[in-house]
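[1] No sequence on hand, only this structure:
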């Protein structure tokens, strides 16, 4: 009975979504056909490419789009990642055995040696990627994933080094809070959430782009802590 009710609810929700999307205009052509906007007013791609550097002083135009023009979408993506990490922890917690996690096989000499020497270099590379996200290809998601790969190497090569669940939780919470606070400050200052309210500096300089580097640093820490938490949970260290 529960399965039939769940299926019925999904069908109702799906039908509602289809009906909503069927009448919604998408993109420049959809806006023009619905007579809501003129096509030239919604040619976002051309505006981003031609005005992105001038308006944000960020050399990486993709970063300007992801963090500034469509920063609210990025906040949603980070939220999805948080929900996924929470779901993994919840599923693994319900299936945790009373005897605790099984002991892992000892790592090979190559992996254990690489763990000791490469871990700080991986962290440095990840930090470089998300700190320079407004200048070079990359950003918070990519840099955070690189940092998390360092913690994966620790799990494989140095299992005696336990990840701190409290440390990961605090880092994830503070970084997410920093993202939201920056957005709210922009809302208070200029009436727009995630408004680029800081001085934008000189293009192609490290201290440029206004709030973009700050947001990417926050995203980098958040993604790194959440992915590292997933690795910790999958390793059997579920609280």
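    Received, thanks. Computed from a prediction, not measured in an experiment: that's the story for all the values here. Residues are numbered from 1 along each chain as shown.
[2] thought residue 112 was touching residue 160?
    No - with contact defined as C-beta atoms under 8 Å, residue 112 and residue 160 do not form a contacting pair (10.1 Å). Placement of C-beta: from N, CA and C, glycine included.
[3] Settle it for me: which of the two has more neighbours?
    Between residue 112 and residue 160, residue 112 has the larger neighbour count (other C-beta atoms under 10 Å), namely 14 against 5.
[4] Now do the SS call for the more buried one.
    The three-state label given to residue 112 by DSSP: H, G, I helix; E, B strand; the rest coil is helix.
[5] need the contact list for the closest residue to it other than its chain neighbours.
    Nearest non-adjacent residue to residue 112, counting by C-beta to C-beta, 6 or more residues apart in numbering: residue 157, 4.6 Å away. Going by C-beta atoms under 8 Å, 6 or more residues apart in numbering, residue 157 touches 107, 111-116.
[6] Next, format these as a markdown table and append distance to residue 180 and pLDDT.
    Converted to a markdown table, the contacts of residue 157 look like this (distance: C-beta to C-beta, whole Å; pLDDT from 0 to 100):
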| residue | distance to residue 180 | pLDDT |
| --- | --- | --- |
| 107 | 39 | 75 |
| 111 | 39 | 85 |
| 112 | 40 | 84 |
| 113 | 41 | 84 |
| 114 | 37 | 83 |
| 115 | 35 | 85 |
| 116 | 37 | 85 |
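[7] out of those residues, who has the most neighbours?
    residue 115 (20 neighbours).
[8] Brilliant, that's me finished.
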